[in-house]
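Asker: Sharing a model prediction with you, sequence too.
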Amino acid sequence: MTRPFIFCHMLTSLDGKITGDFFKSEKAKSASLQFYNIAFGKDPYYKNQGWLSGRVTSDDNFTFYKEPALSANCQPVPAGDFISQVGAEMYYISLDPSGKLGWEKNTISYRETVATVIEVLTERVSEQYKAFLRELDIPYIIAGKETIDPQVTIDKLQMYFQLDSIMLGGGGVINWSFIQAGVCDELSLVLAPVADGNPDTPSLFNAIGGQADGKKFADFKLIESKVLADDALWLRYQVE
């Protein structure tokens, strides 16, 4: 079975930042809309069936650092994965290795796109948190003991949900971990013609802890470059 096509699609400033004050710029807002249309618009270039982000990105955009409503008296849950919501039109896949996200429903909205949530957990997540997800009918998969394994994640998403194309949507640690694991095929980068120079905001790729082990760099081959409206630039690279 051929694994899904995995592409990393990100909007950055000229200095490689993926969050920050530069988003307040009118040119960045224009680039953001063009970024959305490439993967989610009415006639998108990519035909992805879901996009995958890390815990911080999910908290920043969807759960807003709410505490999950855990029950102290929950019953033990069955071991292994919890599969539901098969056949949804679009999925939002959140990597949440410790089980921290305070979801209130099993869907999210991003502009005009509505997506069904899938959680990717590790074996260290509590019974209470898994029971919390089941109560909301949020499917989850277990993809590692202490840390999330990108290859196991992709294999299970394909096996259970028949996903053939998945977008990586940040943050920098998740993007880099999938690049390093060899399970990212293409980088799609929309450059907003803005910079803020803040050294403390996250970049397109970040390695932390054990994820910095092994090869220290990644090579890319340019596929296409395209000038977009309002001086934005769209770059597509093959991951070598």
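Answerer: Now that the structure is in, tell me what you want to look at.

Asker: tell me the contacts of residue 44?
Answerer: 37-38 (C-beta atoms under 8 Å, 6 or more residues apart in numbering). Just so you know, the C-beta spots here come from the backbone N, C-alpha and C atoms, and that holds for glycine as well.

Asker: buried sites along the lengthiest helix in the chain?
Answerer: Counting by DSSP state H, the longest helix found in the chain is helix 26-40. Within helix 26-40, the residues scored as buried using 16 or more other C-beta atoms under 10 Å are 28, 30-40.

Asker: Spatially nearest residue to residue 187 (excluding sequence neighbours)?
Answerer: residue 237 (4.3 Å; C-beta to C-beta, 6 or more residues apart in numbering).

Asker: So the one you found lies in a helix, does it not?
Answerer: No - according to DSSP: H, G, I helix; E, B strand; the rest coil, residue 237 belongs to no helix; its state is strand.

Asker: Could you check how far the spatially most central residue of the chain is from residue 60?
Answerer: Closest residue to the average C-alpha location of the chain: residue 53 at 1.9 Å, with C-alpha atoms, centre = their mean. From residue 53 across to residue 60, the span is 9 Å (C-beta to C-beta, to the nearest Å).

Asker: can you check residue 197 too?
Answerer: 21 Å.

Asker: out of those two, which sits in the more crowded spot?
Answerer: Here residue 197 and residue 60 are compared on neighbour count by other C-beta atoms under 10 Å; more neighbours surround residue 60, at 15 against 12.

Asker: Just send the buried residues of helix 26-40 back as JSON lines, with distance to residue 181 and pLDDT too.
Answerer: Below are these laid out as JSON lines (distance: C-beta to C-beta, whole Å; pLDDT from 0 to 100):
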{"residue": "28", "distance to residue 181": "30", "pLDDT": "97"}
{"residue": "30", "distance to residue 181": "34", "pLDDT": "98"}
{"residue": "31", "distance to residue 181": "29", "pLDDT": "98"}
{"residue": "32", "distance to residue 181": "28", "pLDDT": "97"}
{"residue": "33", "distance to residue 181": "31", "pLDDT": "98"}
{"residue": "34", "distance to residue 181": "29", "pLDDT": "98"}
{"residue": "35", "distance to residue 181": "24", "pLDDT": "98"}
{"residue": "36", "distance to residue 181": "27", "pLDDT": "98"}
{"residue": "37", "distance to residue 181": "29", "pLDDT": "98"}
{"residue": "38", "distance to residue 181": "24", "pLDDT": "98"}
{"residue": "39", "distance to residue 181": "21", "pLDDT": "97"}
{"residue": "40", "distance to residue 181": "25", "pLDDT": "96"}
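
Asker: Which residue is the nearest non-sequential neighbour of residue 113?
Answerer: That would be residue 40: by C-beta to C-beta, 6+ apart, it lies 4.8 Å from residue 113.
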